[in-house]
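Asker: curious how this folds, go ahead:
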Amino acid sequence: MSSTVTRIRLAVVAAAASTAVLAGCSSPASSGDASAASCEPAKGKVTLQYWNTVPGMDEVVALWNKKNPNIQVETKNISNDQYGTLGNALKAGKAPELAQVGYDQLPNLRSQNAFVDASSCSAASAAKSKFVPWTWSQTSFGGTGVFAFPQDTGPMALYVRSDIFKQHGLEIPKTWNEYAAQAQKLHKADPKLSITFFDPNNAEWFNGLLWQNNAEMYDYSGDKWHVTVDSDQSKQVTEYWQKLIAAKLVRTDLAHGSTQMYAAYQKNQIASYVGAAWGYSMFRDNLPDQAGKWSIVPMPTWGSNTASGNWGGSTVAFMKGNTHLYESVKFNSWLNTDPEALALENKLGGLYSAATAGLELPALSQGVPYYNNEKIFDVFADSSKNIDTGFTWGPTQKTVNLALQDAMARAAAGDGTLSDALSAAQAAALKSMKDQAIPATAGK
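Answerer: Okay, here's the model as predicted:
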């Protein structure tokens, strides 16, 4: 999540119920939240603060404010330093009532007592039925309370520059082996062209690649965390990308969402993009003159395994110190379940709701002009159905991600390998849990 755009997420559209993804986070070792706060309505006009990173959210909030004169909401975009800004506000006792928080950061912030439990509000608990089951499991930590409402997630796919593929006789890859073969063919035809880029400073993107390969990073059983960041499945992913980097088939000098990244695509130097559903608006809005040149196809798979990956995903959390839970629940529910709000969020910010009502938005069943009027959301819908809903985030994920990024950056510069980065992240996970007295062990 090193850039503005990576804060934007799209929702998984899985229809089936799933197991509680973060059930382990309800363990005493990783808890730290306050008991459910009062849900008494205010006696007068209330103004709530809502901090987020979504483009166009000010217009969505303006719609709410127009309809709700007694519950006004002020929005603040914190894209430049999302968690730094939130962290400083929490330390100062000046956190907003509501804030956008990624699924992967929920356990970490919960251990810092960053949230308030809104389950005393009957409307908060009742909202469970309005969301895709596995997303609710993450925000409620396996049913121990209501700390946030799901907003979106990011099923992954492959974005393809159809014109470049056609020009060089490339085939749409169905597997990662085929993708590597097309990368080699492209580079041989034109050494100035790369199949894609690998951003070593984006652990969240890389975690999505691990997720696809069933590379479970954590498991909770027997009253302790089992850390498997450096599993064989994870190593298969790192070894694959290490070969592409060593052969100079992918670039490593671009940061996701950066001006340099867009410039590389604008100059026709990169032929594809491995990304999440929210990327559809990213390309549309930043590379408008490439309309009609892009297609979105399923993410390459590991052999015959049809599993896909998930990158990102956000919630709207009830932050510590919130004394207006009743009003916050009303706004949060409207923001993330009301069809009018969801449609506007999809149009302006590229969000694809985690609410079941979001699956029925007319825009998602239509072709998208930028992508040759292809029904790209069908691709993401299929992707979401193939995401492992049992994937678990650890209670010190932020520390692990930083360690992973640091080591991946060194590997990209020729100091060590991506597999070494897994070992570094594994060690960081175990140490950070030990430092916080969270029972953990290596392996299952």
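Asker: show me where the stretch 101-250 of the chain dips below the pLDDT cut-off.
Answerer: 142 (pLDDT under 70).
Asker: helices of that one, start to end?
Answerer: With helices called from DSSP state H, counting those that start in this stretch, the stretch 101-250 of the chain shows them at 106-110, 122-126, 133-139, 162-167, 176-189, 203-212, 232-246.
Asker: a markdown table please, covering the ones you listed and showing mean neighbour count.
Answerer: Where C-beta positions appear, they are placed from N, C-alpha and C, glycine not excepted. Formatted as a markdown table, the helices of the stretch 101-250 of the chain follow (neighbours: other C-beta atoms under 10 Å):
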| stretch | mean neighbour count |
| --- | --- |
| helix 106-110 | 25 |
| helix 122-126 | 16 |
| helix 133-139 | 25 |
| helix 162-167 | 16 |
| helix 176-189 | 18 |
| helix 203-212 | 24 |
| helix 232-246 | 18 |
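Asker: any idea which of these gets closest to residue 355?
Answerer: helix 133-139 (8.9 Å; C-beta to C-beta).
Asker: what helices and strands are in contact with that closest one?
Answerer: strand 148-161, strand 310-318 (3 or more C-beta pairs under 8 Å, 6 or more residues apart in numbering; DSSP states H and E).
Asker: out of those strands, nearest to residue 82?
Answerer: That would be strand 310-318 among the helices and strands packed on helix 133-139, by C-beta to C-beta, at 9.8 Å.
Asker: sorry, back to before: right, so of the helices of the stretch 101-250 of the chain, which gets closest to residue 434?
Answerer: Per C-beta to C-beta, nearest to residue 434 of the helices of the stretch 101-250 of the chain: helix 106-110, 15.5 Å.
Asker: and that closest one, C-alpha only, in PDB?
Answerer: Coordinates of each C-alpha in helix 106-110 appear next as PDB, following Å, rounded to 0.1, in the frame of the first residue of the first chain:
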ATOM      1  CA  LEU A 106      -7.300  -4.800  11.400                       C
ATOM      2  CA  PRO A 107      -5.500  -7.300  13.700                       C
ATOM      3  CA  ASN A 108      -2.500  -5.000  14.200                       C
ATOM      4  CA  LEU A 109      -4.600  -2.000  15.100                       C
ATOM      5  CA  ARG A 110      -6.900  -4.100  17.300                       C
END
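Asker: wait, residue 400 sits on residue 407?
Answerer: No. Contact between residue 400 and residue 407 fails when scored by C-beta atoms under 8 Å: they sit 10.9 Å apart.
Asker: and those two? which has more neighbours close in?
Answerer: residue 400 (30 against 24; other C-beta atoms under 10 Å).
Asker: still on that earlier bit, intersection of neighbour lists for residue 400 and residue 407?
Answerer: residue 425 (C-beta atoms under 8 Å, 6 or more residues apart in numbering).
Asker: what number of residues lie near the residue lying closest to residue 57 once chain neighbours are set aside?
Answerer: Spatial nearest neighbour of residue 57, chain neighbours left out: residue 75 (5.6 Å); criterion: C-beta to C-beta, 6 or more residues apart in numbering. Residue 75 sits with 21 neighbouring residues when counted by other C-beta under 10 Å.
Asker: give me the secondary structure label for residue 75.
Answerer: Using DSSP: H, G, I helix; E, B strand; the rest coil, the structure places residue 75 in strand.
Asker: ok, and what's touching stretch 82-90?
Answerer: Contacts for stretch 82-90 (C-beta under 8 Å, 6+ apart): 1, 7, 51, 53, 78, 95-96, 99-101, 105, 109, 112, 114, 319-320, 398.
Asker: just the buried members of the residues you listed?
Answerer: Among these, the ones that count as buried by 16 or more other C-beta atoms under 10 Å are 1, 7, 51, 53, 78, 95-96, 99-101, 105, 109, 114, 319-320, 398.
Asker: could you find the lowest-pLDDT member of those residues?
Answerer: Among these, residue 7 has the lowest pLDDT, at 32.
Asker: what's the neighbour count on residue 323?
Answerer: 14.
Asker: I misspoke; the intended subject was residue 259.
Answerer: Under the neighbour criterion other C-beta under 10 Å, residue 259 is assigned a count of 10.
Asker: quick one, which of the helices and strands packed on helix 133-139 is nearest to residue 356?
Answerer: Nearest of those (C-beta to C-beta): strand 148-161, 10.6 Å.
Asker: from the chain's centre, how far out does the closest one sit?
Answerer: 7 Å (C-alpha atoms, centre = their mean, to the nearest Å).
Asker: now do stretch 411-419
Answerer: Distance, centroid of stretch 411-419 to centroid of chain: 25 Å (C-alpha atoms, centre = their mean).
Asker: span of it from start to end?
Answerer: This stretch, stretch 411-419, spans 9 Å end to end (C-alpha to C-alpha, to the nearest Å).
Asker: how about that stretch: buried residues?
Answerer: In stretch 411-419, counting by 16+ other C-beta under 10 Å, buried: 411-412, 417-419.
Asker: pick out the most distant pair among these.
Answerer: The distance between the two most remote of these (C-beta to C-beta) is 13.1 Å, for 412 and 419.
Asker: and the strands in the stretch 201-350 of the chain?
Answerer: Applying DSSP state E, counting those that start in this stretch to the stretch 201-350 of the chain gives strands spanning 218-221, 224-227, 250-251, 272-276, 294-298, 310-318.
Asker: what's the neighbour count on residue 332?
Answerer: 28.
Asker: quick one: it from residue 429, how far?
Answerer: 31 Å (C-beta to C-beta, to the nearest Å).
Asker: ok, now how distant is the most centrally placed residue in the chain from residue 280?
Answerer: With the centre of the chain defined as its mean C-alpha position, the nearest residue by C-alpha atoms, centre = their mean is residue 312, 0.6 Å away. Using C-beta to C-beta, one gets 13 Å for the distance from residue 312 to residue 280.
Asker: pLDDT below threshold where in the stretch 251-400 of the chain?
Answerer: The stretch 251-400 of the chain contains no residues with pLDDT under 70.
Asker: mind saving the C-alpha coords of stretch 122-134 as CSV?
Answerer: Taking C-alpha atoms only, stretch 122-134 is exported to CSV below (Å, rounded to 0.1, in the frame of the first residue of the first chain):
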residue,chain,number,x,y,z
SER,A,122,-28.7,-3.5,17.3
ALA,A,123,-28.4,-2.1,13.7
ALA,A,124,-24.6,-2.9,13.8
SER,A,125,-25.1,-6.5,14.6
ALA,A,126,-28.0,-6.8,12.2
ALA,A,127,-25.8,-5.6,9.4
LYS,A,128,-24.1,-8.9,9.2
SER,A,129,-26.6,-10.3,6.7
LYS,A,130,-25.9,-7.5,4.3
PHE,A,131,-22.3,-8.4,3.6
VAL,A,132,-20.4,-11.2,1.9
PRO,A,133,-19.8,-13.6,4.8
TRP,A,134,-16.1,-13.9,4.8
